[in-house]
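*Asks:* dropping a prediction and its sequence here:
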Amino acid sequence: TGEPFMVYEKPYLHPNSPEKEPGYWDWSLIPVKDENGAVTQVVLTLADVTEKVVSRETIRKNEELFRQSMKVGRNFAFEWNAKTDTITRTGECDNILGIGNELGSYDTATRFLSMLSEDDSRKLNKIIRELTPRDDTYHVIYSFINPNDLRVVLEETGRGLFDTEGNLTGIVGIAVDITRRRKAEEALVNSEAEIRKQLVEIENIYRIAPIGMCMFDRDLRYIRVNDQLAKINGIPAHDHLGRTPREVVPDLADQAESVLRKVIESGKPVLNQVIKGETPANPGVTRTWKESWFPLYDENDDIYGVGTIIEDITEKLYAEEQLRDLNETLEQRIEQRTGKIMQLANQLRAMNIELNRVEQRERIRLSQMLHDYIQQYLISARIQMGWVKRKSSEGKIRERSGEIISILNEVIESTRSLTVEIHPPVLSVSGLSESLYWLADYMYEKFGFRVGVDTDRQAEPDSEKARYLLFECVRELLLNSLKHSGTKRATVKMTLLDENFIRIQVEDRGKGFNTELLNFHSAGFTSFGLFSIQQRMTYFEGSMDIQSNLSEGTSVTLIMPIRLEEISPAAGTNGKESGESSHVSM
């Protein structure tokens, strides 16, 4: 054709050395023509361009590697021109910044700084202003909100560029997206805080748990013991460490070590195992514990030890046994108590009937006294006064007046006697001690019954209510002795007991009685007077004790607080059931 022919970077394989890398050649054929334009010669030119091709390929691979590393490492390179305020970026800038290819590759510093928080923008500007030719590098971490409202954290390393006069002309550097790393670091910090919190919780559980807790290694040696277990074993917690159960609690070692080995070998927990024995805390005393054992695993799921929880159930088992015994006898005790309540109800019913009879008898007695004495005297006085009114003889008037005065004296004496019997004035004026002496004189004058009295003046009750109650009880006991003892003599002794209680004893040396009859009435024996006294004493937190033997006499002891505090009848008395005394159940 007469036209030149050229080939560039033609691969050349070495036929004699196929293991060699191919070479690359640029070659050409240039025609040489005569004066008539005919090709007379061809000039062949060869140029070895292998090095250039290999270098270009290496550069291409390096650039690709750089792009991949930028993508994987989520970073980009940038250059800032101070004169034009433009930023040129490469790498993953568009994906990291989320601002598109155009702004990601070609941006301005003014617009980019506006995406930062005020503090970060101020910090970055300050760093740039402080760059000098001698101190031209910086490292900073800042964050910004991209257009997708996502917070991005960048770690930037840069170097300032300066002209010959030391003026900043630009910056080149690399920015790395560390958002994920920061989140991982924050998660790690939170995780560490949670772990520390859990450790504190575990420490608190070990410290304040009301049950024993410990850990053993695979050699059955204590590696951790809480204070409660140390208390159970009677050995300080630090003295457990590195020792085996056989060295600390030898009496329990056989039971404990067999369970420990079983848990280590099987990898399964043993729960609610009951162990009995002695510890140095209580030598000679057998106690019972409920223990649970569970394996401890390391990060490789290998068993490195055994954890143990120990609860002392000695008292619990004793309480359960007591409850079983209680339940077994409950029906019998309910039957007994029901019988006692029925008996008490019968007593109260009979007492109510008897009280009605006594009330009726007293009404009849008072009516007869008023009719037979006071009314008769008053009628006689009225007749005499009528006669005086009709008769005018001075001698007769004087005689009749004397009879009227005598009648009125009898009326006054009868009413005074009735008043004294109902409520002796000496009781309000002189107290209980003097009243007992008066009562002794009254019993002798009215019934010929001799009463010896011995009182301690310091045992005087504080309240009038207590004085009246004790006086009535003593009078009723003396009347009982008068009617039933078969003797004409009794004694009354009042003393101070422990500075807080009054004790009064009423004794006689009469024929006595069988105290068991106090609870029964079928034989005709009645104790409503005694029962009434006992109930009244109980109401005021007092008590009555009766001791009597046939042919040996009777002794009744009354005890009452010197300072009386009345209580509600429904409240009970000192934890005792109503109707219960020290020796005799009324």
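*Replies:* Thanks, I have it. Residues are numbered from 1 along each chain as shown.
*Asks:* when you work out contacts or count neighbours from here on, use the C-alpha atoms and nothing else.
*Replies:* Noted.
*Asks:* can I assume residue 179 is in contact with residue 150?
*Replies:* No - the criterion here is CA atoms under 8 Å, and residue 179 misses it with residue 150 at 10.1 Å.
*Asks:* okay, the two: which has more neighbours?
*Replies:* Comparing residue 179 with residue 150 by neighbour count (other CA atoms under 10 Å), the higher total belongs to residue 179, at 17 against 11.
*Asks:* show me the shaky parts of the stretch 401-550 of the chain.
*Replies:* Applying pLDDT under 70 to the stretch 401-550 of the chain picks out residues 414, 416-423, 518-528.
*Asks:* 50 instead?
*Replies:* Within the stretch 401-550 of the chain, the segments meeting pLDDT under 50 span 520-526.
*Asks:* would you map the helices across it?
*Replies:* With DSSP state H, counting those that start in this stretch as the criterion, the stretch 401-550 of the chain has helices at 425-429, 432-447, 464-484, 528-539.
*Asks:* nearest to residue 15, of the ones you listed?
*Replies:* Comparing those against residue 15 with CA to CA, the closest turns out to be helix 528-539 (132.9 Å).
*Asks:* quick check: buried residues in that closest one?
*Replies:* For helix 528-539, burial by neighbour count (16 or more other CA atoms under 10 Å) applies to 528, 529, 530, 531, 532, 533, 534, 535, 536, 537, 538, 539.
*Asks:* residues in contact with stretch 440-455?
*Replies:* 433, 436, 437, 482, 488, 489, 490, 491, 492, 493, 494, 495 (CA atoms under 8 Å, 6 or more residues apart in numbering).
*Asks:* just put those residues in JSON lines and tack on neighbour count and distance to residue 383.
*Replies:* Formatted as JSON lines, the contacts of stretch 440-455 follow (neighbours: other CA atoms under 10 Å; distance: CA to CA, whole Å):
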{"residue": "433", "neighbour count": "23", "distance to residue 383": "45"}
{"residue": "436", "neighbour count": "25", "distance to residue 383": "42"}
{"residue": "437", "neighbour count": "16", "distance to residue 383": "41"}
{"residue": "482", "neighbour count": "21", "distance to residue 383": "41"}
{"residue": "488", "neighbour count": "17", "distance to residue 383": "43"}
{"residue": "489", "neighbour count": "19", "distance to residue 383": "45"}
{"residue": "490", "neighbour count": "23", "distance to residue 383": "46"}
{"residue": "491", "neighbour count": "17", "distance to residue 383": "48"}
{"residue": "492", "neighbour count": "21", "distance to residue 383": "48"}
{"residue": "493", "neighbour count": "17", "distance to residue 383": "51"}
{"residue": "494", "neighbour count": "24", "distance to residue 383": "51"}
{"residue": "495", "neighbour count": "19", "distance to residue 383": "54"}
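*Asks:* ok, of those, which one's closest to residue 224?
*Replies:* residue 495 (65.8 Å).
*Asks:* quick one: neighbours of the closest residue to residue 12 other than its chain neighbours, just the number.
*Replies:* In this structure, residue 12 finds its nearest non-sequential neighbour in residue 23, 5.0 Å apart by CA to CA, 6 or more residues apart in numbering. Burial of residue 23 is recorded as 17 neighbouring residues (other CA under 10 Å).
*Asks:* which pLDDT value goes with residue 23?
*Replies:* With respect to pLDDT, residue 23 scores 87.
*Asks:* need the contact list for it.
*Replies:* Under the criterion of CA under 8 Å, 6+ apart, the contact list for residue 23 reads 11, 12, 13, 48, 49, 50.
*Asks:* helix or strand with the lowest mean pLDDT in the chain?
*Replies:* helix 100-105 (a mean of 60; mean pLDDT, DSSP states H and E).
*Asks:* return the alpha-carbon coordinates of stretch 202-216 using PDB.
*Replies:* Extracted as PDB, the C-alpha positions of stretch 202-216 are listed here (Å, rounded to 0.1, in the frame of the first residue of the first chain):
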ATOM      1  CA  ILE A 202     -23.300  -9.600  93.100                       C
ATOM      2  CA  GLU A 203     -21.000  -8.200  95.700                       C
ATOM      3  CA  ASN A 204     -24.000  -6.800  97.600                       C
ATOM      4  CA  ILE A 205     -25.800 -10.100  97.300                       C
ATOM      5  CA  TYR A 206     -22.800 -11.900  98.700                       C
ATOM      6  CA  ARG A 207     -22.500  -9.300 101.500                       C
ATOM      7  CA  ILE A 208     -26.100  -9.000 102.700                       C
ATOM      8  CA  ALA A 209     -27.800 -12.200 101.600                       C
ATOM      9  CA  PRO A 210     -29.400 -13.900 104.600                       C
ATOM     10  CA  ILE A 211     -28.100 -17.300 103.300                       C
ATOM     11  CA  GLY A 212     -24.700 -18.800 103.000                       C
ATOM     12  CA  MET A 213     -23.000 -18.600  99.600                       C
ATOM     13  CA  CYS A 214     -19.600 -19.800  98.400                       C
ATOM     14  CA  MET A 215     -17.700 -21.000  95.300                       C
ATOM     15  CA  PHE A 216     -15.300 -24.000  94.900                       C
END
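*Asks:* how near is residue 401 to residue 407?
*Replies:* As judged by CA to CA, to the nearest Å, residue 401 and residue 407 stand 10 Å apart.
*Asks:* which strand residues bridge residue 6?
*Replies:* Counting by DSSP bridges, residue 6 forms beta bridges with residue 28.
*Asks:* return the residues in contact with it.
*Replies:* Counted by CA under 8 Å, 6+ apart, residue 6 has contacts 26, 27, 28, 29.
*Asks:* and those, which is closest to residue 202?
*Replies:* Distances from residue 202 to the contacts of residue 6, taken by CA to CA, are shortest for residue 26, at 79.1 Å.
*Asks:* coming back round to it: for the contacts of stretch 440-455, which one is nearest residue 204?
*Replies:* Lowest distance from residue 204 to those (CA to CA) belongs to residue 495, with 60.8 Å.
*Asks:* list the contacts for the closest one?
*Replies:* 455, 456, 458, 459, 502, 503, 504 are the contacts of residue 495 under CA under 8 Å, 6+ apart.
*Asks:* excluding chain neighbours, what is closest to residue 50?
*Replies:* Here the residue nearest residue 50, using CA to CA, 6+ apart, is residue 24, at 4.4 Å.
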